[in-house]
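Peer 1: let me see the structure of the following:
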Amino acid sequence: MSFAAVDFGILLPAFAAGLLVLATHVPLGGEVLRRGIIFIDLAIAQFAGLGIVIASALGFEASGWRMQLAAVLAALTGALLLRALERRAPRQLEALIGVGFVTAACAAIVLMSHDPHAGERLQELLVGQILWSTWGDLGPLALVTAAVLAAWHGLRLKDSPLGFYGLFAVTVTASVQVVGVYLVFASLIVPALAAGGRLKRGCLIGAAGYALGLLASALFDLPAGAAIVLGLVAVGAVASARSGLGPSRT
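Peer 2: Numbers count the residues shown, from 1 in each chain. A predicted model of the protein is given here:
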């Protein structure tokens, strides 16, 4: 282990990508906790992933607009489906979200069953490729982040059930391709939960978790996505132990 071996030229763009993800995921995560639909992020992220798998099976280029369109449409379809289920069966919503997640996940596995690169694609979908982020790659993510925050705070779409689900789908689609399904979930839930609903505190917890995970990944040659998830959990656990769990109105 040597700090001299740490390549900050790789880590800094990855950390910047993490900060962009956190900028939207911490407030969205607080709303998810308030609504009590904890696993909606996993489900919609998996729907977006299914869209990517379908586009890949159709031969679309990984960086092409048709791939992005397929991911967005799949996520929006999942979001609209969950919104309809929320209206029809609110008491069973969390269970139905779980059913949606496992259905989308298994559909993706079936579609990849004859792909010789399926294992690699599945790993990318679950844990992401944040370490491969470059400064040039951050432009689209930054634009999505700015648009979502403007709609969230300026247009108050968070107060509209349909608006919330739509924003959630767009946000998760953009982030899941950078950080993967697992880190999308951790970025949404862990900082918001550990911060007790306080936005600034949640962002600081998230940033510390990303920094810790990326540094551990570089020092010990660990998978970056998994290391960041563990970093978020570790920082969140320390913050919760110091302040106590539970939402705060301040």
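
Peer 1: so the spatially most central residue of the chain, which state does it fall into?
Peer 2: With distances taken as Cα atoms, centre = their mean, residue 184 lies nearest the centre of the chain, 2.0 Å away. When classified by DSSP: H, G, I helix; E, B strand; the rest coil, residue 184 comes out as helix.

Peer 1: residue contacts, it?
Peer 2: 21, 25, 41, 42, 45, 172, 175, 176 (Cβ atoms under 8 Å, 6 or more residues apart in numbering). The way it works is simple: take the backbone N, C-alpha and C, and place the C-beta from them, glycine included.

Peer 1: what of residue 152?
Peer 2: Counting by Cβ under 8 Å, 6+ apart, residue 152 has contacts 24, 27, 28, 158, 167.

Peer 1: what's downstream of the lowest-mean-pLDDT helix or strand in the chain, the next helix or strand?
Peer 2: Least confident helix or strand of the chain, by mean pLDDT, DSSP states H and E, is helix 118-127 with a mean of 70. For helix 118-127, the following helix or strand on the C-terminal side (DSSP states H and E) is helix 138-149.

Peer 1: what mean pLDDT does that next one get?
Peer 2: Per-residue pLDDT values across helix 138-149 average out to 92.

Peer 1: also stretch 153-164?
Peer 2: On average, stretch 153-164 scores 80.

Peer 1: count the residues that sit near residue 231.
Peer 2: 23 (other Cβ atoms under 10 Å).

Peer 1: for residue 232, what are its contacts?
Peer 2: So residue 232 contacts 186, 187, 190, 191, 205, 206, 209, 210, 213 (Cβ under 8 Å, 6+ apart).
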